[in-house]
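sequence-free structure coming up:
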């Protein structure tokens, strides 16, 4: 116990962000766009969590009586060709899109962090090997990699998440590695080492917490990218399959058929995707401004 | 005097009316103009251009104009039948007394696109290749089964060829008249036919580029003098349907990819381009269920029956096709279909009548089998991961709920689909079956015949097989129809491959494209395009 | 670099074979039938029945001798399928990158200089919306607008005749792809500028009496360009994703769409060689950017 007390605190600038909520509030007030982004995200997360309570209809129940109804009192955003309520599908779609977005981002970041941390902290041949793997993954265009992965894994929600997560790994791995490299030489790490702390504990206790800020910045940026990648995969026929109401597929398949006759099919899912990604981007921007110490006044 | 005058007046009027009528006639059948390139968009890169090796109209549509058959369905009568067969490379044909030898007299002076003269040997080569008797081999031979009854093709001189059959089979003519039965040259290898086909048809193959285009040019030595009218046909490959439709509306393309437009798309096109001519017709492609009868739970005939009785076919058509489809058995229903069961026969099949009552009965069966609202039967519905397959599967899952079957959709990538089916790794699959011709022999033997490669469910009923042979030999069409209905009904009652619906799909073209006829009971036979012309 | 390319070759080779089905499956699938003997023969003829290590060896050996094999679909040499498509995509990508620099850099500078003004917020919202829209949706909306308002469709159906025709043909899809990239470039230019503007030497320059304008544009921009160059490099690789959907929507016969189609057909010779080519370009760009970095930033000097 005594040992930990001697260990110097981590870099003070990061600690401030970690601990002080008032500061966060201050920054939120200073970033009105970020607030808007956060509000949008809250709405979508709310929709995703409480989809079964707030959606007016069953999102997958087909009905011959209600095919292609324009927006109106019964169906606020209209119905699709199979008589399914668009609003309900968009609400449930939030679940799918968030599952894909959060799932693949989290997966990509966790693996990326593990690789980046190991690689940056241990250095030597481990670093060399991991860096080459990361190089290989990064040299493949993201969508191409996701496309082949999706085809290889087969159409299913979990597989789509995995297919999008893997191409995201190198980006977080890169950033974490360079952060770790810098941190490794910091006095507080040297000090921890001097008092005989194990390398693994140093990495987890002292280095990892200090990479949280850049990680959050990357993760928010990737959240939007993941949602868009799912949409692109759907457009190419390899996204989240039926019966899950994915925004990407709603958009890509209806766009072909109903441009003039049922534009609501093309417009609303497109707005849902754009708005969700827009929200995460706004929020991510504000977070970055707050968390990235170099940009602070 | 007055009488004379009246007579004269009458005569004048008669002449005048004839003149008017003939002017009207001239206007109706305008003088065709030569020249111009017809532009049609194509939905995908076809697997090859060798019609015999493929089984999709992605190949027939661009490749049919390169070839000729011995005989061909009249290209301007939408309903293909035995009565609309016309001579092509054959000038005449005749059956022998026993109806087991069919002799064709061949046209003289016809040349292949590379200048080599066409002879009877080419006909023999084609069918030897199809039957696997030639030294050269096809990579795939999907319609080998069509000629199972042909023992040999013999040649007499350069202008006569005879097909010898094991037993009488009037449908052989129907098969030979299909767009699937072009005559190939002896002197060109099967491999070259895939990449640079040589035919005798109105258009020569020029060039193909994957994902880009297929170009055909006028055959100046075509044996039909004065034809074709067009200088060439260009297929632009546009994979994205929204882009393709917009390209048509904007006037970049003259014709949409034939028989691919849904009713909704057609409405959209008409809204954007009111001058476009669109036709929505059956294409003789059925959407059906393949049920794994070798494995539990569907090895139980009662369960198969209950499932068949849960189906609301009209709802399928209303939801998937906005009402543009037909309920029928394995053969395309009338009026467009020649051999399909009429409504009064259909009604008598379980699952084709009153949906409410049928579902009631189905639920009773299910309860007897130990299932119920609290204890549903859980299955997977497997299908290709393509919208035309997935959408009906979604509706199916919705309908199965009514009889305590809780189904989950299992989408399968195209490349893995048939492999999965062949392994028997499915409970219920949703499949599309295209029929090359509207003919009982083709449909029965191919899809329900014991041991057929396309009989995915391995349904094999020896009694029915005998009836297949019996109807196949019948020359009296009316009598044959009755038996065909009986067989089709039995197939449906056996839940061999429950037919959900026969879709109607559309083709649109610009008004200046003349002489375009879309077939109404097949989407594989109507693309010779030799007398299409552009009024521009 | 060679090691990376080797890794990519193994990765793509193995992944492709993990994708269920091969060309024989796809071809028979299209014919709606299975004939095991014919299928086995086809696989044998294409060498797909050989051990995977042998197949890999044959591919690499061929690659080393400039032999890319034959496309399974068209049965033409793979090189003849790939080479003519490269300039098409290169033109599109180049034009898109040009768009992103022409719009992204100046707008980013303006946004940074006018930080927290209405103009800044407006530009940021516009750029963010560029990053938020699915590229194919944007492309489709553009196409629809063109057809509905001008009655013409800017898609590729015939090769362009001459330079201006090509520029015209590619500019609409390039704008669709470039919207996203220019949004990204703008954001990065902005944040890089902001960072530089806060540096001591700028403050010094300002204190010494240099006018705001000179400070902003001369000192700051020069230093801010550094990270922007990096991002343009990364974006060049990212661009591929946008190109795939854009080439599909605008029906442009470039390598991006061709790659997707080849994956669908399991046309191994095309996919393998095309991915190798794309990866080689990405690796080369990264290398060039490292060089450029060293030139632009005097602080970085590689040891040895």
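Cool, got the structure. Just so we're clear, the structure is a prediction, and the values are computed from it rather than from any experiment.

Not counting sequence-adjacent ones, nearest residue to whatever residue of chain B ends up closest to chain C?
The nearest approach of chain B to chain C comes at residue B:415, 2.6 Å away (Cβ to the nearest Cβ). For every residue, glycine as well, the C-beta is placed using N, CA and C. Excluding its sequence neighbours, the residue lying closest to residue B:415 (Cβ to Cβ, 6 or more residues apart in numbering or on different chains) is residue C:21, at 2.6 Å.

ditto for residue B:348
Nearest non-adjacent residue to residue B:348 (Cβ to Cβ, 6+ apart): residue B:489, at 7.2 Å.

on that earlier part again, tell me, how many residues neighbour the residue nearest to residue B:415?
21 (other Cβ atoms under 10 Å in any protein chain shown).

what do you get for residue C:34?
So residue C:34, with other Cβ under 10 Å, has 17 neighbours.

mind listing what it touches?
B:418-419, B:422, B:453, C:28 (Cβ atoms under 8 Å, 6 or more residues apart in numbering or on different chains).

same check, this time on residue A:224
So residue A:224 contacts A:101, A:276-277, A:280-281, A:284, C:131-132 (Cβ under 8 Å, 6+ apart).

quick one: which of those sit in helices?
A:101, A:276-277, A:280-281, A:284, C:131-132 (DSSP state H).

Can you flag the buried ones in the contacts of residue C:34?
Among the contacts of residue C:34, those buried by neighbour count (16 or more other Cβ atoms under 10 Å in any protein chain shown) are B:418-419, B:453, C:28.

ranking the contacts of residue A:224 by neighbours, who comes first?
Counting by other Cβ under 10 Å, top hit in these: residue A:280 with 31 neighbours.

quick revisit: okay if I get the contacts of residue C:34 as a markdown table plus distance to chain A and secondary structure?
Shown next, in a markdown table, are those (distance: Cβ to the nearest Cβ, whole Å; DSSP: H, G, I helix; E, B strand; the rest coil):
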| residue | distance to chain A | secondary structure |
| --- | --- | --- |
| B:418 | 15 | helix |
| B:419 | 13 | helix |
| B:422 | 17 | helix |
| B:453 | 25 | coil |
| C:28 | 18 | helix |
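
Which members of those are the farthest-apart pair?
Spatially, the most separated pair among those is B:419 and B:453, at 13.7 Å (Cβ to Cβ).

which other residues reach whichever helix or strand residue B:63 is part of?
Using DSSP states H and E, residue B:63 sits in helix B:57-63. With contact meaning Cβ under 8 Å, 6+ apart, helix B:57-63 is reached by B:40, B:42-44, B:46-51, B:54, B:179-180, B:182, B:197, B:214, B:216, B:233, B:235, B:257-259, B:434, B:523-525, B:527, C:30.

With adjacent residues omitted, what lies nearest to residue 171?
Picked chain A for this. For residue A:171, the closest residue by Cβ to Cβ, 6+ apart turns out to be residue A:218, at 6.2 Å.

my bad, the chain I had in mind was chain C
residue C:95 (6.5 Å).

ok, the one you found - contacts?
Per Cβ under 8 Å, 6+ apart, neighbours of residue C:95: C:167, C:170-171, C:174, C:178.

hmm, try it at 7 Å
Residues in contact with residue C:95 (Cβ atoms under 7 Å, 6 or more residues apart in numbering or on different chains) are C:170-171, C:174.

who touches whichever strand or helix holds residue A:201?
Residue A:201 is located in helix A:199-202, with elements delineated by DSSP H and E. With contact meaning Cβ under 7 Å, 6+ apart, helix A:199-202 is reached by A:189, A:192-193.

By residue count, what's the longest strand in chain B?
In chain B, ranked by residue count with DSSP state E as the criterion, the top strand is strand B:277-291.

Tell me the helices and strands packed up against that strand.
helix B:263-272, strand B:428-434, strand B:499-509 (3 or more Cβ pairs under 7 Å, 6 or more residues apart in numbering or on different chains; DSSP states H and E).

For residue C:145, find the nearest of these.
Using Cβ to Cβ, these put helix B:263-272 closest to residue C:145, at 12.8 Å.

and that closest one with strand B:277-291, angle?
Helix B:263-272 and strand B:277-291 are oriented at 170 degrees to each other (axes from the mean of the first three to the mean of the last three Cα atoms, to 10 degrees).
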